[in-house]
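Trainee: let me see the structure of the following:
(one chain, ligands or ions: 1)
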Amino acid sequence: MKFLSSRKSGKISLFGVPYDSTTCFRPGARFGPDGIRFFSENLEEFSLALGKSLKDVDFSDVGNLEVPVEPEKMVSSVYSFVRELEIPVLLGGEHSVTYPVVKALSERFRELMVVHFDAHADLRESYSGTPYSHACVMKRVLDLGVSIVQVGIRSATKEEAELRRQNPNITVVDSLSELLFLLSRVSAPVYFSIDIDFFDPAFAPGTGTPEPPGASPVEFFDFIYKLPAVNVVGFDVVEVSPPYDPSGITQMLAAKIVRELLIKFWG
Ligand SMILES: [Mn+2]
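Mentor: Residues are numbered from 1 along each chain as shown. Reported below is the predicted structural model:
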């Protein structure tokens, strides 16, 4: 199974944004989309756990969106692109690419809620001279008036920690079982944003800013399989950096997450 060779129509559009210009520590996420696609070849179309196939999902891989290097221009380019899509599924790229997707969706769904899986809070006001850095992405999402649920966060500045305590639009969740409980009571449209550094670097070393410890794939897939019907209107998997992933395990994990989520949500 290879995402890119899948059929070319569908209400769900899988696309890559090969962008890593604001990455503060070590770039490489620009190679993420094609790396994830390459490793998707190693997966069956059929999900044994879900009992369904990707063939049952009305999706197409529409390829990569080439974007300008300047963060503001990247944002407007992704935003215009996503406005034309019914259901976006995004392969990053660094985390800054999430903001324009959420911006486009927030105009369509007033009650949109973002579930943010990450090691880092990503709530800085500005970083390295831009408010569109990957370190600021969830602050920009909050500025849209969109509420966020954060899970897995184990790194933040003092200011970010305060914001997490005080902002009524941020829900801090300590575990995937707590998130499962919360999502079983939510009827609002939901967008999943999965930074691969949410996982323990032992399982996902191929990322720009690894932060031990973290969740295991077993815990994550168990959470996905137990998830009740949720109104998911899109998702992304970001920050996969193939240059730091010589064995391919991070890209493999990302490819399997994409397959399982496509089948779970829309199969
Ligand atoms: Mn992030």
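Trainee: pull the contacting residues for the residue lying closest to residue 243 once chain neighbours are set aside.
Mentor: Spatial nearest neighbour of residue 243, excluding adjacent residues (CB to CB, 6 or more residues apart in numbering): residue 28 at 4.0 Å. (Glycine included, C-beta is placed from N, CA and C.) Residue 28 makes contact with 20, 208, 241-244, according to CB atoms under 8 Å, 6 or more residues apart in numbering.
Trainee: so who does residue 258 touch?
Mentor: Taking CB under 8 Å, 6+ apart as the test, what residue 258 contacts is 3, 14, 36, 40, 89, 91, 237.
Trainee: 6 Å - rerun?
Mentor: Each residue near residue 258 by CB atoms under 6 Å, 6 or more residues apart in numbering is listed here: residue 237.
Trainee: which of the helices or strands spans it?
Mentor: Using DSSP states H and E, residue 258 falls within helix 249-266.
Trainee: now that helix, how far from the centre of its chain.
Mentor: Chain-centre distance of helix 249-266: 11 Å, with CA atoms, centre = their mean, to the nearest Å.
Trainee: from residue 226, how far out is the residue nearest to residue 243?
Mentor: Taking CB to CB, to the nearest Å as the measure, residue 28 falls 33 Å from residue 226.
Trainee: just the C-alphas of the helix holding residue 258, formatted as PDB.
Mentor: What follows is helix 249-266, C-alpha atoms only, in PDB (Å, rounded to 0.1, in the frame of the first residue of the first chain):
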ATOM      1  CA  ILE A 249      10.900   3.600  12.700                       C
ATOM      2  CA  THR A 250       9.600   7.100  13.100                       C
ATOM      3  CA  GLN A 251       8.400   7.300   9.500                       C
ATOM      4  CA  MET A 252       6.900   3.800   9.800                       C
ATOM      5  CA  LEU A 253       5.000   4.900  13.000                       C
ATOM      6  CA  ALA A 254       3.700   8.000  11.300                       C
ATOM      7  CA  ALA A 255       2.500   6.000   8.300                       C
ATOM      8  CA  LYS A 256       0.700   3.600  10.500                       C
ATOM      9  CA  ILE A 257      -0.900   6.400  12.500                       C
ATOM     10  CA  VAL A 258      -2.200   7.900   9.200                       C
ATOM     11  CA  ARG A 259      -3.600   4.600   8.000                       C
ATOM     12  CA  GLU A 260      -5.300   3.800  11.300                       C
ATOM     13  CA  LEU A 261      -6.800   7.300  11.700                       C
ATOM     14  CA  LEU A 262      -8.100   7.400   8.100                       C
ATOM     15  CA  ILE A 263      -9.800   4.000   8.600                       C
ATOM     16  CA  LYS A 264     -11.000   4.700  12.200                       C
ATOM     17  CA  PHE A 265     -12.500   8.100  11.400                       C
ATOM     18  CA  TRP A 266     -13.800   7.600   7.900                       C
END
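Trainee: who in the stretch 101-250 of the chain is up against the ion?
Mentor: Neighbours of the ion within the stretch 101-250 of the chain, by CB under 5 Å from the ion: 118, 122, 195.
Trainee: contacts only, for the residue lying closest to the first one once chain neighbours are set aside.
Mentor: Taking CB to CB, 6+ apart, and ignoring the residues beside it in sequence, residue 118 has residue 195 as its nearest neighbour in space, at 4.0 Å. Residue 195 makes contacts with 95, 118, 238-239, as judged by CB under 6 Å, 6+ apart.
Trainee: quick check: bridge partners of residue 191?
Mentor: Beta-bridge partners of residue 191, counted by DSSP bridges, are residue 114, residue 234.
Trainee: would you confirm that it contacts residue 234?
Mentor: Yes: look at residue 191 against residue 234 with CB atoms under 6 Å: they come within range, at 5.1 Å.
Trainee: next, count neighbours for residue 184.
Mentor: 12 (other CB atoms under 10 Å).
Trainee: ok, it to residue 216 distance?
Mentor: Counting by CB to CB - residue 184 and residue 216 are separated by 22 Å.
Trainee: likewise for residue 105?
Mentor: Distance, residue 105 to residue 216, by CB to CB: 29 Å.
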